[in-house]
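> Give me a 3D structure for the following:
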Amino acid sequence: MKTSVRLLGSVVLTLLVLAACTGKSKESQASIDPDTELVKGLTAKDTADFIGLAQVCMDTLQAGKIDDGLNMIYCIINDTLMPMTDEMRENMKQHFKRFPVKKYRMEDFEINGYSNNTVKYSIFFQENPESEACIKFAFNPIRIDDAWYLTLKNN
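This next block holds a predicted model:
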């Protein structure tokens with residue numbers, strides 16, 4: 001009798017331990033951060049696409065094609081990706097007319113997930129090769145349906 005009580009107690013204890021472990025596993029599966037999962041799953045091609053999109057836009061602006069460059073930049077309004085508003089577009093156009101991209105240098109990039117990312121540039125706006133006069137500029141590339149889109153940082 002003592003043996004069967006001990007055996008029953010061991011079985012119950014084992015089941016409780018298994019249930020506790022299974023419960024923790026389900027909790028940790030439910031708390032997986034989608035941004036973390038995206039970053040973990042990125043390939044070299046994904047990173048090249050992320051940086052390449054910003055580079056193409058900067059090359060277009062450097063070529064003096066301001067309207068074409070601005071066509072590559074979007075904004076988020078009410079959680080929806082949209083082309084820049086007319087006001088934003090005009091402000092950016094005036095900015096690039098005042099400070100044309102004569103040359104640029106990518107300073108840094110950071111991929112944190114679907115929407116909180118950064119590609120930072122120094123934009124040199126004078127022809128003088130000895131001048132280091134520049135402004136800082138940053139994109140916030142976002143990922144929607146396996147594609148990257150450029151938005152402006154802090155827009």
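> From here on, just use CA atoms for contacts and neighbour counts.
Fine.
> so where's this protein uncertain?
Across the chain, the ranges flagged by pLDDT under 70 are 1-30, 129, 155.
> Walk me through the domains of the chain.
Domains of the chain are assigned by automatic domain parsing as 1-31, 34-151.
> got CSV for those domains, with mean neighbour count too?
Formatted as CSV, the domains of the chain follow (neighbours: other CA atoms under 10 Å):
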stretch, mean neighbour count
domain 1-31, 11
domain 34-151, 16
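> For the most centrally placed residue in the chain, give me phi and psi.
Ranked by distance to the mean C-alpha position of the chain (CA atoms, centre = their mean), the top residue is Asn117 at 3.1 Å. When quoted as degrees, to the nearest 10, the phi and psi of Asn117 stand at phi -130, psi 170.
> check contacts around it.
Neighbour list for Asn117: 109-111, 139-142 [criterion: CA atoms under 8 Å, 6 or more residues apart in numbering].
> Now go through these and say which are in helices.
Among the contacts of Asn117, none falls in helices (DSSP state H).
> Secondary structure of Asp59: a strand, I assume?
No - per DSSP: H, G, I helix; E, B strand; the rest coil, Asp59 lies outside any strand segment and is helix.
> Please report the distance of the residue nearest to the centre of the chain from Ile142.
7 Å (CA to CA, to the nearest Å).
> How about Gly52?
From Gly52 over to Ile142 the distance is 13 Å, taken as CA to CA.
> isn't Asn116 right up against Phe139?
No - the pair Asn116 and Phe139 fails to qualify as a contact (CA atoms under 8 Å) at a distance of 10.2 Å.
> Do you have the helices of this protein handy? List them.
Under the criterion DSSP H, the chain contains helices at 2-30, 34-41, 44-62, 66-70, 86-98.
> what sits up against the last one?
Contacts of helix 86-98 with the rest of the structure, by CA under 8 Å, 6+ apart, involve 61, 66-67, 70.
> quick one, what contacts the nearest residue to Pro34 once chain neighbours are set aside?
The spatially closest residue to Pro34, leaving aside those adjacent along the chain, is Gly113, at 7.6 Å (CA to CA, 6 or more residues apart in numbering). Residues in contact with Gly113 (CA under 8 Å, 6+ apart) are 34-36, 38-39, 143.
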